[in-house]
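Undergrad: Got a predicted model here, sequence first, then my questions.
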Amino acid sequence: MVDLDLKSIRARMEVSEEYRKGLVSLQDILAPAEFIVNPNLLQISGRLARVLFVFTYPRYLQTNWLSPLINYDIQMDVSMFVYPLESFEVMPRLTKKSTQLESSRRIEQEKGMIRSPELETAIGDIEELRDVLQRGELRLFQYALYFTIYGRTVEELDVLTKQLESSLGGMLAYTKQALLQMEDGFTSCLPICEDLLEIKRNLDTASLSTTFPFVSSTLSSDEGILYGINRHNNSLIIFDRFTLENANSTVFAKAGAGKSYAVKLEILRYLMLGVDVIVVDPENEYQKLCEAVGGVNLNISLTSHQRINPFDLARGVQEEEEGEDVLRATITGVKGLIGVMLGGIKPEEDGVIEKALYETYSLKDITADPQSHENPPPLMSDFVNVLSNMSMPAAQNLGLRLQKYTTGTFAGLFNQPTNIKLDRDFVVFSIRDLEDELRPVGMYMVLSFIWNMVRHREEMKPRVLVIDEAWWLMKFPDSANYLYTFAKRARKYYLGLTIITQDVEDFLESSQGRAVINNSSLQLLLKQSPASIDKVAEVFHLTEGEKFMLLESNVGQGLFFAGHSHVAIEIVASYTEDQIITTSPKQLLEMQKTVQPAKGEEEQEPKTGV
């Protein structure tokens, strides 16, 4: 019975072993189709590979000395092995070696030979190492470094080998090919923690720390636009802001650092991808770009014929919004605009303004009923008349303070029906000709109009809204809160908000300004002034090296933040792009001289040679 049981067990084991051979394992999937081992290279599924090892290192190693090799644009595997050594095991060997070297020096001295710098250096190194090991300041390690490079042909592999050997040789780190050990070397570079070459060298803690490959971040993806060049490794920064959790962006830089240039370049490239762009332009910097791409430039000023009525209600209400919600949101927006006009609203005035606004809309038969929203909206003069007819002193006082916007100095700008539309891919609202006192009011009114149009347009498509010199809005609490609300809700309507400012201090000292930054997944920091660098470093958690970089950067250079990654960037443009977006006065004058013929040149008759 026992023999029968043993036979049955052996039979079952043989069957199960045969069964396992017929299964597909992970090794079958990962194994290459061919693996040919030659003395100086490997052939793996049509690709060639060669292994090199480092056998000697320089006396001094610079921090991050492997960075140039790690950033090579070649296919390469790098393997490092670190073997800790116990100090109590190393000390007797060092003592013995020091004794031998000291004995050799004494013998040479007794023979009258000149001193040997090499021998004295070795003795000094050993004694210094013994001191730090005894005090526990450093530890000793054995370190192995291997490279596996890949190529399609033998010639390509030879070129890559020479490049790697020359690069390391320039650092006084010398390499050799793993001749007759290519398979062991290839296995040592696989992520299985197996060192078959065992080409080790002794390094202390400080030297070993320099070998850590500090690899720079890359922001290259298969979609998006080119933002610039990564200054760490010369790779391209290709990114799509609409792939982040929100598409908001903030740009901080001192005057003349290239912030508007960078944003205009981004606009031009996003327009080629079919993204609509709207710009609030305080200095008329985007007019040339607007003309080049066939956009529309809307001039908002006291002398312009283009007008926006701040009392307009949103059209094309979405299904989830009721008429009462639309009316309430409109009144809240108008109340914020009035707060900016008056330089702030007192608590006792807030209720008066809200009551007067509801009465103003009621006079035009506009109520919570969505059908009534088709009626013509009221004007600022209607609101001022309602305030003047109210018996409360606060209402009459408010009416007197608002009269300059209806019959006074600023009459006409806020007191006429809207006669503009956002029906182009690129729309610029130019507020350069507005007086400084009206700049915040005009920007608030334009933003309110854009917000209503963006929220309720039937076609859902990606859009970018650029607000240049946004610090104007941060000067007043009502406009600052409105900008913060804008940044927080833009994502729901496929809108990316871009904030540009040079007054970093004013923007960051506001709680709303910091909240806007926190709700922006994309940030661009260009050259900063020494007065503001500490505040910027605190907000963006910059290192001392990054602070120095922002202080010493040239025009168009800085830091690019995208989500949790950030890299050093250099903004680059093609010749044609530069001609369209440049605002350099010197360059613009040269372009005008090139385009305009010399005086009297157009009157000359062409020479025919007859």
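TA: In hand now; what should we look at?

Undergrad: Quick check: the gap between residue 590 and residue 298.
TA: 30 Å (Cβ to Cβ, to the nearest Å). For every residue, glycine as well, the C-beta is placed using N, CA and C.

Undergrad: higher neighbour count, the two?
TA: Using other Cβ atoms under 10 Å as the criterion, residue 590 and residue 298 rank with residue 298 on top: 21 against 11.

Undergrad: Can you read off the pLDDT for that one?
TA: Looking at residue 298, its pLDDT is 89.

Undergrad: What of residue 139?
TA: Taking residue 139 on its own, its pLDDT is 86.

Undergrad: Please look at it and residue 132 and confirm they touch.
TA: No: Residue 139 sits out of contact with residue 132 when judged by Cβ atoms under 8 Å, with a separation of 9.2 Å.

Undergrad: what do the two both touch?
TA: residue 204 (Cβ atoms under 8 Å, 6 or more residues apart in numbering).

Undergrad: What is the strand of greatest length in the chain packed up against?
TA: Counting residues, the longest strand found in the chain (DSSP state E) is strand 140-151. Contacts defined by 3 or more Cβ pairs under 8 Å, 6 or more residues apart in numbering; DSSP states H and E place strand 140-151 against strand 47-56, strand 76-85, helix 154-170, helix 182-188, strand 201-204, helix 205-210.

Undergrad: So residue 262: helix, strand or coil?
TA: helix (DSSP: H, G, I helix; E, B strand; the rest coil).

Undergrad: Is it in contact with residue 556, as I believe?
TA: Yes: with contacts counted by Cβ under 8 Å, residue 262 reaches residue 556, the gap being 6.9 Å.

Undergrad: list residues touching both of these two?
TA: The overlap between the contact sets of residue 262 and residue 556 (Cβ under 8 Å, 6+ apart) consists of 228, 526, 571.

Undergrad: and residue 391, how many residues sit next to it?
TA: Each residue near residue 391 was counted by other Cβ under 10 Å, and the total is 6.

Undergrad: Could you do residue 495 as well?
TA: 25.

Undergrad: tell me the contacts of it?
TA: 247, 454, 462, 463, 464, 465.

Undergrad: Three-state assignment for residue 498, please.
TA: Look at residue 498: counting by three-state DSSP, its state is strand.

Undergrad: From residue 427, how far out is residue 577?
TA: From residue 577 to residue 427 the distance is 20 Å (Cβ to Cβ).

Undergrad: which of these two has more neighbours?
TA: Neighbours were counted for residue 577 and for residue 427 using other Cβ under 10 Å; residue 427 has more, 22 against 17.

Undergrad: Name the nearest residue to that one, ignoring sequence neighbours.
TA: residue 278 (5.0 Å; Cβ to Cβ, 6 or more residues apart in numbering).

Undergrad: Residue 342 too?
TA: residue 401 is the one closest to residue 342 (Cβ to Cβ, 6+ apart), at 5.8 Å.

Undergrad: okay, now that neighbour: neighbour count?
TA: 16.

Undergrad: For it, what are phi and psi?
TA: phi -70, psi -20 (degrees, to the nearest 10).

Undergrad: Tell me how far it lies from residue 378.
TA: 19 Å.

Undergrad: helices and strands around the longest helix seen in the chain, which ones?
TA: Using DSSP state H, we find that the single longest helix of the chain is helix 87-110. If you count contacts as 3+ Cβ pairs under 8 Å, 6+ apart, helix 87-110 packs onto helix 117-135.

Undergrad: Buried ones in the helix it packs on, by neighbour count?
TA: 122, 123, 126, 129, 130, 132, 133 (16 or more other Cβ atoms under 10 Å).

Undergrad: need the contact list for residue 509.
TA: Counted by Cβ under 8 Å, 6+ apart, residue 509 has contacts residue 535.

Undergrad: for the contacts of residue 495, which one is nearest residue 340?
TA: Comparing these against residue 340 with Cβ to Cβ places residue 465 closest, at 18.7 Å.

Undergrad: Which strand residues bridge that closest one?
TA: On the basis of DSSP bridges, residue 465 is bridged to residue 278, residue 497.

Undergrad: what's the neighbour count on it?
TA: The number of residues near residue 465, taken as other Cβ under 10 Å, comes to 23.

Undergrad: isn't it right up against residue 490?
TA: Yes: between residue 465 and residue 490 a contact is recorded at 7.3 Å, counting by Cβ under 8 Å.

Undergrad: Mutual contacts of those two, please.
TA: Joint contacts of residue 465 and residue 490 (Cβ under 8 Å, 6+ apart) are 496, 497.

Undergrad: got the residue ranges for the helices in the stretch 251-400 of the chain?
TA: For the stretch 251-400 of the chain, applying DSSP state H, counting those that start in this stretch gives helices covering 259-271, 287-292, 323-342, 347-363, 380-389, 393-402.

Undergrad: roughly how far is the second one from the heart of the chain?
TA: Between the centre of helix 287-292 and the centre of its chain there are 26 Å (Cα atoms, centre = their mean, to the nearest Å).

Undergrad: helices and strands around that helix, which ones?
TA: helix 259-271, strand 296-299, strand 426-430, helix 575-581.

Undergrad: okay, these in CSV with distance to residue 374 next?
TA: Shown next, in CSV, are the helices and strands packed on helix 287-292 (distance: least, Cβ to Cβ, whole Å):
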stretch, distance to residue 374
helix 259-271, 34
strand 296-299, 25
strand 426-430, 25
helix 575-581, 42
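
Undergrad: Let me see the confidence value for residue 382.
TA: You'll see residue 382 listed with a pLDDT of 90.

Undergrad: picking up where we left off before, the more surrounded of residue 262 and residue 556?
TA: Each of residue 262 and residue 556 has its neighbours counted (other Cβ under 10 Å); residue 262 has more, 24 against 20.
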